[in-house]
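Undergrad: next input, structure requested:
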Amino acid sequence: MTPAVKAAKKADIQFKLHEYPHDAQASSANAMSYGEEASFLLDVSSQQVFKTLLVSTNTNQLAVAIIPVSYQLNLKSVAKALGAKKASMADPHEAEKATGYVLGGISPLGQKKRLPFVIDETVTDFKTVYVSGGQRGLEIELAPQDLIRLCLAKVENIKLK
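TA: Below is the predicted model:
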């Protein structure tokens with residue numbers, strides 16, 4: 001059981017786990033991201049599957065941005081939401097160290113350090129959304145309101161069209 005699943009159970013929320021056979025060779029050969037792979041294999045809209053990205057601000061603060069896998073992160077918008085002047089993608093090693101997860105399996109739930117969170121506003125367009133369950137090949141389906149509450153997240157428009 002991953003820390004993400006433990007966090008969801010501890011919070012006593014309703015959620016479903018979805019496992020799928022992650023294939024590193026197939027996803028890299030098709031230039032498919034981990035989130036797109038989950039969307040495809042679980043037959044769920046790529047707008048309903050959210051990826052967890054770590055950013056670093058100009059104040060050297062790490063933060064978490066959560067957006068649909070079908071979009072790119074708008075670094076200017078996430079910096080503004082965090083009250084910073086600039087943001088860039090965090091160093092992968094730092095992201096893994098801060099969260100306790102490996103890339104492609106970073107869950108917003110059960111992270112090692114409490115970081116600021118910003119979730120894209122489209123999260124509220126769905127009855128449930130999917131986020132990483134803390135390992136490649138595992139997704140957690142939960143209500144958007146539960147995700148926002150558990151992450152103590154701001155909800156803003158942080159994606160590029």
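Undergrad: so where do the helices sit in the chain?
TA: 3-10, 24-29, 34-42, 75-81, 92-99, 144-151 (DSSP state H).
Undergrad: okay, the ones you listed, which one's buried deepest?
TA: helix 34-42 (a mean of 21; mean count of other Cβ atoms under 10 Å). In short, each C-beta sits where N, CA and C put it, glycine included.
Undergrad: which residue would you name as the spatial centre of the protein?
TA: What sits nearest the mean C-alpha location of the chain, by Cα atoms, centre = their mean, is residue 52, with 2.1 Å.
Undergrad: one step back: adding distance to residue 123 and mean pLDDT, write the helices of the chain out as CSV.
TA: As requested, the helices of the chain are arranged in CSV below (distance: least, Cβ to Cβ, whole Å; pLDDT from 0 to 100):
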stretch, distance to residue 123, mean pLDDT
helix 3-10, 16, 96
helix 24-29, 24, 52
helix 34-42, 14, 87
helix 75-81, 14, 97
helix 92-99, 19, 95
helix 144-151, 4, 98
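Undergrad: out of the ones you listed, which gets nearest to residue 66?
TA: Closest to residue 66 of the helices of the chain, according to Cβ to Cβ: helix 144-151, at 7.5 Å.
Undergrad: the closest residue to residue 137 other than its chain neighbours: what's it in contact with?
TA: Spatially, and ignoring its direct neighbours in sequence, residue 137 is nearest to residue 22 (3.5 Å; Cβ to Cβ, 6 or more residues apart in numbering). The contact partners of residue 22, taken as Cβ atoms under 8 Å, 6 or more residues apart in numbering, are 34, 37, 104, 136-137.
Undergrad: from the residues you listed, which is closest to residue 157?
TA: Distance from residue 157 was checked for each of those by Cβ to Cβ. The minimum falls on residue 34, at 23.4 Å.
Undergrad: burial check on the residue lying closest to that closest one once chain neighbours are set aside, number of neighbours?
TA: Distances taken as Cβ to Cβ, 6+ apart put residue 104 closest to residue 34, at 4.0 Å, once the chain neighbours are dropped. Residue 104 has 18 neighbouring residues, counting by other Cβ atoms under 10 Å.
Undergrad: hmm, back to that, could you check how far the residue nearest to residue 137 is from residue 8?
TA: The gap separating residue 22 from residue 8 is 20 Å, by Cβ to Cβ, to the nearest Å.
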